[in-house]
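Participant: using only what follows, build the 3D model:
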Amino acid sequence: MDIINLPIPEHYGLTGYQDTILVFARDTPSAAGQGRFTLTVTDKKGLTTLKDSAANSVELSMHGGREYGLLF
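Facilitator: Have a look, this model is predicted:
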């Protein structure tokens, strides 16, 4: 399992990540070749807006029921 270190939400005006949707957008790799991502914290309405603006979307779920997907 991969572990993701998320920014401290209070440093960005959030009270936490509970009941939010995290959207990771792949950025251009750094000069050292490391992968970089932009994190957007949104809600269901914001996710609907992102899906509507994407050409394609795929909705999936893990065995435990956690939902995830791809927008491209």
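Participant: the residue nearest in space to the middle of the chain and residue 42: what is the separation?
Facilitator: The centre of the chain sits closest to residue 23, judged by C-alpha atoms, centre = their mean, with a distance of 1.8 Å. Noted for residue 23: a distance of 6 Å to residue 42, by C-beta to C-beta, to the nearest Å. C-beta: built from backbone N, CA, C; applies to glycine.
Participant: show me where this protein has helices.
Facilitator: Taking DSSP state H as the test, the helices found in the chain are 44-53.
Participant: returning to what we had before: pLDDT at the closest residue to the residue nearest to the centre of the chain other than its chain neighbours, what is it?
Facilitator: Of all residues not flanking residue 23 in the chain, residue 40 sits nearest, at 4.3 Å (C-beta to C-beta, 6 or more residues apart in numbering). Per-residue confidence at residue 40 stands at 95 (pLDDT).
Participant: go ahead and confirm residue 40 touches residue 14.
Facilitator: No: judged on C-beta atoms under 8 Å, residue 40 makes no contact with residue 14 at a distance of 11.6 Å.
Participant: what is the neighbour count of residue 39?
Facilitator: For residue 39, the count of nearby residues is 12 (other C-beta atoms under 10 Å).
Participant: tell me the contacts of the residue nearest to the centre of the chain?
Facilitator: Contact analysis of residue 23 by C-beta atoms under 8 Å, 6 or more residues apart in numbering lists 39, 40, 41, 42, 47, 50, 71.
Participant: cool, residue 41 as well?
Facilitator: Taking C-beta under 8 Å, 6+ apart as the test, what residue 41 contacts is 9, 12, 14, 17, 20, 21, 22, 23.
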